[in-house]
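Asker: generate a structure from the sequence data that follows.
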Amino acid sequence: MGVEQVDASNACIPPTHPLTFQALPLPTASRGETIFLDGEGGRLNDNDDKHAPLIMYAWGKLIVVREIELNNIQTTTTACASSSHVGPSGAPSTSGFVYRGHSAPVTAAKFSPAGTYVASGDSKGKLRIWAWDHEEHLPKIELQILAGPIKDISWDFEGKRIVVIGDGCQSPENAKVVQWDTGVKCGDLSAHARKKGSSCAFRPCRPMRIATGGAEDATVLFHKGPPFQRVVGDGIVSEKCHERGAIHSLRYNKDGSVLASAGTDGSVCFYDGKDMKLIKKVEKVHKSSIFSCAWNRNGTHVLTCGADGFARLVDATSGEIVHEWDVALAQLGDENGRTKVPMGAMLLGCAFIKGDVPIAVGFNGQIVLLSVPSSIGLSSSAEVIDKSLVITGHQAPISAMTFGAPGANIIYTADTDGVIVEWDGLTGTPKGRVKNIGEEDLDLTGKVHAGATITSLAFSTESSKLYSAGWDDFIRISQGHNCVDKIKMEAQPNAMTCGTSLVVVMTVDGLVLVKDEAVSELIRLPYTATAVCISKDDSMLYVSGDDCNIYIYTVSSSDSANPLSESHVIKGGHLKAVQSIALSHDGTKLAAADSRDVCVYSTTDYSTIISKGRWCFHTQRIACLTWSPDDSVLASGGNDDDIFLWNIQKKMRRIHYRFAHRGGITGLRFVGGNATDGSSDMMLVSAGNDGCLNFWDVKEDVNKKFK
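Answerer: Okay, here's the model as predicted:
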């Protein structure tokens, strides 16, 4: 184990960027694996009303800290307005935070007791400790602490020591306890069978104790210290209280008097926090595996969740189940009950936020806030939710984005799992997932395109229908939250564009025109199309090819045999294949971008307004272009994670937002006319491969740079 050189670059969106709101992704889930959730934000975040309740979890290589607005749970305020809460460094809140410092999938993260630092671990066994209350979230230390994935992390009550557990692989240790700032070991923890551990807990008071749970031996090992060593042999310590399988979760209550364990056998065991003697075993709390448990703030009740789709609240004193929630039924929205557990509703994680508000997360990643009857007597904060609420979103990288009808305040996004989500364009809150009609979503995963990547979205203002193209070789047509029809494609669709009523689908073999549910034959091209866009009146079609040229076609509505006639070809404008094109709102300018250059052409005579070599600051493929409502500003986003703003009148100037999305930008639009009141002309919305939907207020930067 050694201290490694720490890289602080690109760990978060720079605080100088005008980010006003983030719509965050849902937790990553693997079937049969616990989803870690940390709802204890520490003293900094939980002791006043300036900070919203926090829940922390992993999304791939990222750590997401989401704010849950309990006070406005029924009516959400505008995303662009100033928030009543503050962020980690005291700046106005953006509804959450995404940390990007890990190079491998994150497997666990935990706030320190003070709430000022976070310890996080990944699948390569690296432990990283970084500042939460610093605006740039600088790292303190990074350690190669285990040979395999880290499964759980726990701080001591002083915030000076950290215990981690996971897969030891060929190493003799699968759990270690170290000093938080130096990485020096504080004792030797015993290994579990096959060097596989699943959970750990640090007693939050003296005398200090550490409990570790095995992933395969159904054993809880106890250690005292510091320096820490295993407690064995006196007949009091109870190590084998579970019948089989893994100990998925170990948690101490707030005063350290009781330790709870839950595992594969569906039982919950309570131990004395000091001498590790078994107090009580509650059997058959769940019919299947319990993947997580959590204490409420007062230490009177334990929340459990299992693969049976239920969350249950257990009285720690009597061992009775005082309440249960059928979370699967809450997501189905069916009052008639269910016959089996949908795969997406198998619960893998649970926690309390603000001490007494229970939440649960299933395999589909959707976060469910659970309502608590007042008769249980947890606290007043637990009773702010009258009915269980589901927070939805994306579990996979966002691959496409489009807006709804003008003035409707609706944004649609789609991801690489085939899921489509509808968002409120003003508040940034998810309104729901699109579902198949006639093909019941029995597994509750919400995959409209059968798990295939959705490459493009287009909205027809005339028919008020949403078109989605996926790698399942279907174009699916949706209205509201329901997918009502589908069209089989001869070739794989890669992009779409829509004018007023005409939808043009770009496939690997050519173009297909869709109008009023009528589908044309495949129009084969002498080149491979790379991007496509159409004029508002459906009369002109612009197609870029792999030969670096841009082809302009006149669309004929009367000639069904040959609806496209080539009118012009822009040659020599690019040295590499054009990857994205965008027509200005007034139709007079055409923007085109490759992997380096952004060029602009006049649609009157197709002369060059901005030539190659002028706007050439992207370093990777430029995936999207968009014009501001008044066509004064052009925005470009690329796979280099960067967003640039350009102005034709100020050709030598540019606005650069670095590290906008980890993995690249896949969608970019100005809000403009999408708002009901026509406001937010300089509010930019971006979507990316990090699963986030970001709102940027660029008005001040545009006025400063281009006016």
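
Asker: which residue packs closest to Leu502, ignoring adjacent ones?
Answerer: In space, Leu502 comes closest to Asp538 once its chain neighbours are excluded; the distance is 4.1 Å by Cβ to Cβ, 6 or more residues apart in numbering. Heads up, the C-betas are built off the backbone N, CA and C, glycines and all.

Asker: what's the first-to-last distance across stretch 115-135?
Answerer: 14 Å (Cα to Cα, to the nearest Å).

Asker: okay, buried residues for it please.
Answerer: 115-133 (16 or more other Cβ atoms under 10 Å).

Asker: and stretch 294-302, by the same measure?
Answerer: Ala294, Trp295, Asn296, Arg297, Gly299, Thr300, His301, Val302.

Asker: so for these, which is the shakiest by pLDDT?
Answerer: Across the buried residues of stretch 294-302, the smallest pLDDT goes to Arg297, namely 91.

Asker: now do the contacts for it.
Answerer: Arg297 sits next to Lys254, Phe352, Gly355, Asp356, Ser379 when contact means Cβ atoms under 8 Å, 6 or more residues apart in numbering.

Asker: let's have these in TSV, adding pLDDT, secondary structure and distance to Ala316.
Answerer: TSV is the format used below for the contacts of Arg297 (pLDDT from 0 to 100; DSSP: H, G, I helix; E, B strand; the rest coil; distance: Cβ to Cβ, whole Å):
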residue	pLDDT	secondary structure	distance to Ala316
Lys254	94	coil	12
Phe352	95	strand	13
Gly355	78	coil	15
Asp356	87	coil	14
Ser379	69	coil	16
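
Asker: narrow those to just the buried residues.
Answerer: Neighbour counting with 16+ other Cβ under 10 Å marks Lys254, Phe352, Gly355, Asp356 as buried within those.

Asker: now, among those, which is nearest to Arg244?
Answerer: Nearest to Arg244 among these: Phe352, at 28.1 Å, using Cβ to Cβ.

Asker: how close does the closest one get to Ser93?
Answerer: Look at Phe352 and Ser93: by Cβ to Cβ, to the nearest Å, they are 21 Å apart.

Asker: re earlier: which one of the buried residues of stretch 294-302 is nearest Asp594?
Answerer: When those are compared against Asp594 (criterion: Cβ to Cβ), the nearest one is Ala294, at 50.8 Å.

Asker: that closest one contacts His301, correct?
Answerer: No: using Cβ atoms under 8 Å, Ala294 is not in contact with His301, being 9.5 Å away.

Asker: end to end, how far does stretch 340-355 reach?
Answerer: This stretch, stretch 340-355, spans 32 Å end to end (Cα to Cα).

Asker: chain center to that stretch, what's the gap?
Answerer: 16 Å (Cα atoms, centre = their mean, to the nearest Å).

Asker: measure Thr116 to His481 for me?
Answerer: 42 Å.

Asker: now the contacts of Arg297 in a markdown table, with distance to Ile487?
Answerer: Formatted as a markdown table, the contacts of Arg297 follow (distance: Cβ to Cβ, whole Å):
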| residue | distance to Ile487 |
| --- | --- |
| Lys254 | 57 |
| Phe352 | 47 |
| Gly355 | 51 |
| Asp356 | 50 |
| Ser379 | 53 |
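
Asker: ok, these vs Cys533, which is closest?
Answerer: Nearest member of the contacts of Arg297 to Cys533, counting by Cβ to Cβ, is Phe352, at 49.2 Å.

Asker: which SS state does Leu426 fall under?
Answerer: coil (DSSP: H, G, I helix; E, B strand; the rest coil).

Asker: ok, it to Asp167 distance?
Answerer: Distance of Leu426 to Asp167, computed by Cβ to Cβ: 45 Å.

Asker: what residues of the strand or helix carrying Tyr553 count as buried?
Answerer: Tyr553 belongs to strand 550-555 when assigned by DSSP states H and E. Using 16+ other Cβ under 10 Å as the test for burial, strand 550-555 gives Ile550, Tyr551, Ile552, Tyr553, Val555.

Asker: for the very next helix or strand once past that strand, give the mean pLDDT please.
Answerer: Sequence order places strand 564-570 as the next helix or strand after strand 550-555, per DSSP H and E. Strand 564-570 shows a mean pLDDT of 96.

Asker: other SSEs contacting strand 564-570?
Answerer: strand 550-555 (3 or more Cβ pairs under 8 Å, 6 or more residues apart in numbering; DSSP states H and E).

Asker: farthest-apart pair in the buried residues of strand 550-555, please.
Answerer: Using Cβ to Cβ, the pair of these lying farthest apart is Ile550 and Val555, separated by 15.9 Å.

Asker: any low-confidence regions in the chain?
Answerer: 1-9, 47-48, 71-87, 89-91, 233-235, 333-338, 379-384, 438-440, 673-680 (pLDDT under 70).

Asker: 50 instead, please
Answerer: For the chain, the stretches flagged by pLDDT under 50 are 74-82.

Asker: from Gly125, how far out is Ser267?
Answerer: Counting by Cβ to Cβ, the gap from Ser267 to Gly125 is 30 Å.
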